[in-house]
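>>> Give me a 3D structure for the following:
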Amino acid sequence: QVQVVESGGGLVQPGGSLRLSCAASGSIFSINAMDWYRQAPGKERELVAAIPIGGRANYADSVKGRFTNSRDMGKNTVYLEMNSLKAEDTGVYYCNAKGWGLRGGFDAWGQGTLVTVSS
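Numbers count the residues shown, from 1 in each chain. The predicted model follows:
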């Protein structure tokens, strides 16, 4: 069983920054990707950052140039660095981890962390 936990959300003013963390744990042999999604109020969940482990991340057009990622795979953790935040970045941010574990392939979601951008 693989668990994914996000953290780092909160209230931030427009133009501010936040760093979200996504940590995967459990019986993990390897992780292929740890992607970030967000769901704004009243909207569908959307992909924000596709992060293939060992590869280059791809970002949604709406966040390009403002969001970046860093990784500590020794801890099975990916960070989403969010800068120049806008009100439209508000939402619940979810991490999705895919890879291989003791029981075969896994596709695990975290519970989400709320980001609110408001003055």
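>>> For Ile53, see how far away the residue positioned nearest the centre of the chain is.
Closest to where the C-alpha atoms of the chain average out (C-alpha atoms, centre = their mean) is Trp36, at 3.2 Å. Distance, Trp36 to Ile53, using C-beta to C-beta, to the nearest Å: 13 Å. Placement of C-beta: from N, CA and C, glycine included.
>>> What of Glu46?
Glu46 is 21 Å from Ile53, by C-beta to C-beta.
>>> what's the answer for Lys43, then?
For Lys43, the distance to Ile53 (C-beta to C-beta) stands at 28 Å.
>>> neighbour-wise, which of those two wins?
Ranked by neighbour count (other C-beta atoms under 10 Å), Lys43 and Ile53 place Ile53 first, with 16 against 9.
>>> State whether that one and Ala33 are indeed in contact, as I suppose.
Yes - Ile53 lies in contact with Ala33 (C-beta atoms under 8 Å); the separation is 6.1 Å.
>>> follow-up on the earlier one: summarise which helices and strands whichever strand or helix holds the residue nearest to the centre of the chain is packed against.
Using DSSP states H and E, Trp36 sits within strand 28-39. Contacts defined by 3 or more C-beta pairs under 8 Å, 6 or more residues apart in numbering; DSSP states H and E place strand 28-39 against strand 18-26, strand 46-50, strand 77-82, strand 91-101.
>>> I'd like those strands as CSV, with mean pLDDT and distance to Gln111 appended.
CSV is the format used below for the helices and strands packed on strand 28-39 (pLDDT from 0 to 100; distance: least, C-beta to C-beta, whole Å):
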stretch, mean pLDDT, distance to Gln111
strand 18-26, 97, 11
strand 46-50, 98, 17
strand 77-82, 98, 16
strand 91-101, 97, 8
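>>> closest to Lys64 out of those strands?
strand 46-50 (9.8 Å; C-beta to C-beta).
>>> Find the residues that touch each one of Ile53 and Ala33.
Taking C-beta atoms under 8 Å, 6 or more residues apart in numbering as the criterion, Ile53 and Ala33 both touch Gly99.
>>> How about Thr68, nearest residue that isn't a chain neighbour?
Sequence neighbours aside, Glu81 is the residue nearest to Thr68 in space, at 4.7 Å (criterion: C-beta to C-beta, 6 or more residues apart in numbering).
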